[in-house]
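A.B. asks: this one's structure only:
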């Protein structure tokens, strides 16, 4: 009887320890704070599930969660089709292939806080290049610091500029992996461009599109740095997403118990929706 060599687990052990240190231990700390109250000096009082009940019944939480879902919906509905369209228009061979790939990757190389600062300066109504152009050249009354709609348009446009490249690169990888035989057969059958996309390219890109949608959902649903640096959640609370509101409660008000409970609810919603996305998009593969 052949025995299995278990020594390979020792190579995985450093990763497990790193994950435990960076994820599990902080998670247990958050769980501990979510069921207790503290007034400092490391003194805790048992609260049970009171913080969870308070958060789930809070109008403030519901409003921030609604804004978060709206932002994520807008991001997915814009970035996924746009990314596929750009990938379809990119060359498959020749000199321009690496040029296009590098240009697509550039926005993702910029740190999140720098992106927020760039767009903040870029869109200021009086001194920003875009803000000045819209106000004084086109005559559009644009002021993201005062108008909630302008603020929403700005943060969505910023995210589209920053992260559509991820969808483009993943879609392009799926496109170039399709064998030429499929295109040759479609050409012989006289298939239109739409038919080629509908029955050849889109099914073959399903796996990478699933990855792209999951990544963009999780990232946009947990986004914090860029919109915070850009608008600070304003004007008013119009762009206060759930992530921004969570930081305000934890660090601004120093209500660690409610903040811990909100973060666990936030985490559970992210996991649930991600699982729903994955289940729906892989349903046909499982049959």
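C.D. replies: Received, thanks. This is a predicted model, so every value here is computed, not measured. Numbering: from 1, shown residues only.

A.B. asks: how about residue 182: what's its closest non-neighbour residue?
C.D. replies: Residue nearest to residue 182 in three dimensions, not counting chain neighbours: residue 200, with 5.0 Å by Cβ to Cβ, 6 or more residues apart in numbering. For glycine as for every other residue, the C-beta is placed from the backbone atoms N, C-alpha and C.

A.B. asks: so the closest residue in space to residue 204 that isn't next to it in sequence versus residue 169, what's the distance?
C.D. replies: Counting by Cβ to Cβ, 6+ apart, the nearest residue to residue 204 once its immediate chain neighbours are dropped is residue 178, at 4.8 Å. Taking Cβ to Cβ, to the nearest Å as the criterion, residue 178 is separated from residue 169 by 16 Å.

A.B. asks: higher neighbour count, these two?
C.D. replies: Regarding residue 178 and residue 169, a neighbour count based on other Cβ atoms under 10 Å identifies residue 169 as having more, with 21 against 16.

A.B. asks: the more buried one: which element?
C.D. replies: Under the criterion DSSP states H and E, the helix or strand holding residue 169 is helix 148-176.

A.B. asks: name the residues of the helix or strand following that helix that come out as buried.
C.D. replies: Following helix 148-176 in sequence order, the next helix or strand is helix 180-188 (DSSP H and E). Within helix 180-188, the residues scored as buried using 16 or more other Cβ atoms under 10 Å are residue 186.

A.B. asks: ok, stretch 131-138 next?
C.D. replies: For stretch 131-138, a neighbour-count test (16+ other Cβ under 10 Å) marks 131, 134, 135 as buried.

A.B. asks: just the residues you listed now: which is nearest residue 221?
C.D. replies: For these, the minimum distance to residue 221 (Cβ to Cβ) is 28.2 Å, reached by residue 131.

A.B. asks: in terms of contact, does the closest one touch residue 120 like I think?
C.D. replies: No. Between residue 131 and residue 120 there is no contact, the gap being 10.1 Å when judged by Cβ atoms under 8 Å.

A.B. asks: now for residue 47, how many residues are close by?
C.D. replies: 19.
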